[in-house]
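>>> predicted structure and sequence below. I'll ask about it afterward.
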Amino acid sequence: MRLPTALLSFLFAIVAVPAFAQTEATTDPATGLPKVPIRGVVELFTSQGCSSCPPADALLKTLSEDPSIVALTLPVDYWDYLGWKDTFASPRNSERQKNYAKVRGDGAIYTPQAVVNGTVHVNGAAKGEILSAIEKISKDETLQRVPLRFWQERNTLHIQLGPADPQKPMHEATIWMAVVQSSGAINVKDGENGGKTLTYTNIVHEMAPIGLWRGQPMEILIPRAAVMLAETQKSVVLIQEGRAGPIIGAAWAGLW
């Protein structure tokens, strides 16, 4: 991703903005994407070299069809030694999974693993457990819920964050931006899935921190060209306490 370089090459505009309400259940005319309140973020850590992963990959596609769920595929590289190098895998995805395990303190790293809203991990193929975790966390009144808008206007990506709720605990949060490929099919020629064609949804190619939220309204402007990759179609912003804590805001935008 060209984002880290862009952070050195471009001056991002970060300014105070008035508070605004949560997005309504409408379609954003600027992106054509659904604009509804996000109640859950599901990050699926998976691998083309994992024979138990295809059912989880299929489930993630189903979850992605719910506009209130941000469903992301983060392919990892630590199974590459089994005979097939994952063509989508990134060591940064593996590092993110390890950071989650470290923050939780349980050391649980496996595939397919779904991390829900940055806090709970379950088997990535367990639909009931994933939906239950989304429901439980979405009703946790102790968590901040950051008002967030993300859209493209001409050649600029706009990210707006609202203020913290003074009635809830406030923690500094990382603003992550990821560029995403909507779908991809791979003919696996070796390893545990040798001979199969595997299909993936919302594949994260790169995810990078672009700022910190400290409870104040803010706006970030990013040139579209700074983050565009040939194979990606959209981008997502996640607001996450610390670097691997609860996700307290999320929004999509197109990159077409």
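Sure, I can see it. All of these numbers come straight from a predicted model, not from anything done at the bench.
>>> could you use CA atoms for every contact and neighbour count after this?
Noted.
>>> quick one: mean pLDDT for the helix or strand containing L63?
Assigned by DSSP states H and E, L63 falls within helix 54-64. Per-residue pLDDT values over helix 54-64 give a mean of 98.
>>> can you tell me how far V70 is from A251?
According to CA to CA, to the nearest Å, V70 and A251 sit 8 Å apart.
>>> which neighbours do these two share?
Both V70 and A251 are in contact with I38, where contact means CA atoms under 8 Å, 6 or more residues apart in numbering.
>>> circling back: for the helix holding L63, packing partners?
Applying 3 or more CA pairs under 8 Å, 6 or more residues apart in numbering; DSSP states H and E, we find helix 54-64 packed against strand 40-46, strand 69-75, strand 197-213.
>>> can you list those in TSV and add distance to G184?
As requested, those are exported to TSV (distance: least, CA to CA, whole Å):
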stretch	distance to G184
strand 40-46	14
strand 69-75	11
strand 197-213	5
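>>> so the helix holding L63 versus strand 40-46, what angle?
160 degrees (axes from the mean of the first three to the mean of the last three CA atoms, to 10 degrees).
>>> just checking, what packs against the helix or strand harbouring A133?
Assigned by DSSP H and E, A133 belongs to helix 127-138. Using 3+ CA pairs under 8 Å, 6+ apart, the elements in contact with helix 127-138 are strand 40-46, strand 113-116, strand 120-123.
>>> can you tell me how far A164 is from L148?
Distance, A164 to L148, by CA to CA: 11 Å.
>>> more neighbours: the two, which one.
L148 (26 against 20; other CA atoms under 10 Å).
>>> how about the helix holding A133: buried residues?
Across helix 127-138, burial judged by 16 or more other CA atoms under 10 Å covers K127, E129, I130, A133, I134, I137, S138.
>>> picking up where we left off before, any chance of the helices and strands packed on helix 54-64 in CSV with mean pLDDT, mean neighbour count and distance to A58 as columns?
What follows is the helices and strands packed on helix 54-64, written out as CSV (pLDDT from 0 to 100; neighbours: other CA atoms under 10 Å; distance: least, CA to CA, whole Å):
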stretch, mean pLDDT, mean neighbour count, distance to A58
strand 40-46, 97, 27, 11
strand 69-75, 98, 26, 11
strand 197-213, 96, 19, 8
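>>> so which of the ones you listed gets nearest V116?
In terms of CA to CA, the element of the helices and strands packed on helix 54-64 nearest to V116 is strand 40-46, at 4.7 Å.
>>> pLDDT wise, what is the residue lying farthest from the centre of the chain at?
In the chain, the residue that sits farthest from the middle, by CA atoms, centre = their mean, is G195; the gap is 29.7 Å. Listed pLDDT for G195 reads 96.
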